[in-house]
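In: Quick one, structure for this:
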Amino acid sequence: DACGSLGVGLLLAVTAAKLFSRNHRSLVGVSMPDRDLARAVEVLKQCEIVASWRDMKTEVLGPRKFRFKCEIVVDGAAIVSRHPGLFDGMEGALGLGV
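Out: Next comes the predicted model:
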């Protein structure tokens, strides 16, 4: 009985290890290739209203299909300089007084 229990336990352990190694990519996810990530970062660098970014995460969804997520810190001065009259007349709505 003891040998049979050890054999079944060993068989279950080997099966679990094989399943884990096969499904590891599905469980963890695969990041974007460095070449594509570099292109995405270059787009962020070229955007004048993006001051900085953090917490970047990527995942491959399919062939040439990715999910890209990051927190962007926006440069408010760049937005106002591009749209100078954007906040005109909003002092009352913001409760700032006139």
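In: Quick one, grab the pLDDT at residue 11.
Out: As predicted, residue 11 sits at a pLDDT of 94.
In: Please report how far it lies from residue 4.
Out: Distance, residue 11 to residue 4, by CB to CB, to the nearest Å: 11 Å. In this view, the C-beta of every residue, glycine as well, is placed from N, C-alpha and C.
In: again with residue 75
Out: Counting by CB to CB, the gap from residue 75 to residue 4 is 69 Å.
In: Next, name the residue at the spatial heart of this protein.
Out: residue 57 (2.5 Å; CA atoms, centre = their mean).
In: Return the distance of that residue relative to residue 36.
Out: From residue 57 over to residue 36 (counting by CB to CB), the distance is 14 Å.
In: my read: the residue nearest to the centre of the chain touches residue 71, true?
Out: No - in this structure residue 57 lies outside contact range of residue 71 using CB atoms under 8 Å: 9.9 Å.
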